[in-house]
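**Q** Sharing a sequence plus its predicted fold:
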Amino acid sequence: MEKYLLLDQLLLATVLSLPVSYSGAGASSCEPCPVDMVSSPGSTSETDCVFAPCSAGYFMTESGCQQCGENSYSGAGASSCEPCPVDMVSSPGSTSETDCVFAPCSAGYFMTESGCQQCGENTFSGAGASSCTSCPDGKVSAAGSTSAGDCAFAPCSGGEYMTDSGCQQCGENTFSGAGASSCTSCPDGKVSAAGSTSAGDCAFAPC
């Protein structure tokens with residue numbers, strides 16, 4: 001165990017170019033510092049041993065180096081971790097601000113260089129999208145729509161009615177107002193041209 005302890009400390013000293021031992025008055029040999037601790041040349045007691053500077057992605061605490069958590073980072077020798085910019089995230093142990101990236105966008109949004117932006121009208125997106133997808137021809141959707149299922153045909157104009165394939169014109173002797181799902185027949189004995197928009201368009205046929 002002592003053999004491996006000394007090997008670890010020698011490796012630490014080699015990497016950091018720092019001594020890892022001390023000795024008291026009259027000593028015939030130097031005592032190794034505790035694991036992960038280093039000392040200055042000529043150190044005289046274990047109290048001269050301190051934790052070695054932390055590597056990037058870690059920060060110093062009273063008990064030694066601790067890894068930076070999510071959404072933060074640090075350079076070498078840090079005593080604290082820096083938070084990522086607003087709306088950005090990073091993995092634990094990140095070493096610089098360049099490790100911070102925008103979090104994946106929610107459904108209904110898409111990624112831009114400045115972060116997530118809401119999809120506009122007549123488009124949609126799923127979670128993590130880098131762009132928005134247009135609704136099928138003839139269909140519309142509200143801004144922030146999340147799937148093709150949010151796309152629907154626009155309400156029909158007066159004189160038309162909604163079908164599974166979109167708006168169709170009302171036939172002769174019928175009429176409809178805006179947004180109709182069906183056409184209404186003219187009163188008995190009255191007729192109208194195709195595409196009529198109200199009962200007022202229905203009239204008695206010429207004698």
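**A** It's in.
**Q** Any idea which helix or strand in this structure has the lowest mean pLDDT?
**A** Every helix and strand in the chain was compared by mean pLDDT, DSSP states H and E; the lowest is helix 2-16, with a mean of 40.
**Q** Wasn't Gly177 part of a strand?
**A** No. Counting by DSSP: H, G, I helix; E, B strand; the rest coil, Gly177 falls outside a strand, being coil.
**Q** dump the residue contacts of it.
**A** Gly158, Thr197, Ser198 (CB atoms under 8 Å, 6 or more residues apart in numbering). (C-beta placed from N, C-alpha, C; glycine too.)
**Q** burial count for the first one?
**A** Around Gly158 there are 16 other residues, counting by other CB atoms under 10 Å.
**Q** now this structure, which segments are flagged as low pLDDT?
**A** The model of the chain has pLDDT under 70 over residues 1-23.
**Q** Name the residues that touch the host helix or strand of Met162?
**A** Here Met162, judged by DSSP states H and E, is contained in strand 160-163. Outside strand 160-163, the residues that touch it by CB under 8 Å, 6+ apart are 153, 155-156, 167-170, 176, 180-183, 195.
**Q** List only buried entries from the residues you listed.
**A** The neighbour-count test (16 or more other CB atoms under 10 Å) marks Phe153, Cys156, Cys167, Cys170, Ser176, Ala180, Cys183, Gly195 as buried among the contacts of strand 160-163.
**Q** Leaving aside the residues adjacent along the chain, what's closest to the second one?
**A** Read it as Cys156. Excluding the flanking residues, the one nearest Cys156 by CB to CB, 6 or more residues apart in numbering is Cys167, at 3.9 Å.
**Q** Could you confirm the one you found falls within a strand?
**A** Yes. Judged by three-state DSSP, Cys167 forms part of a strand.
**Q** in terms of contact, does it touch Ser157 like I think?
**A** Yes. Between Cys167 and Ser157 there is a contact under CB atoms under 8 Å: 7.2 Å.
**Q** Enumerate the beta-bridge partners assigned to Lys190.
**A** Beta-bridge partners of Lys190, counted by DSSP bridges, are Phe204.
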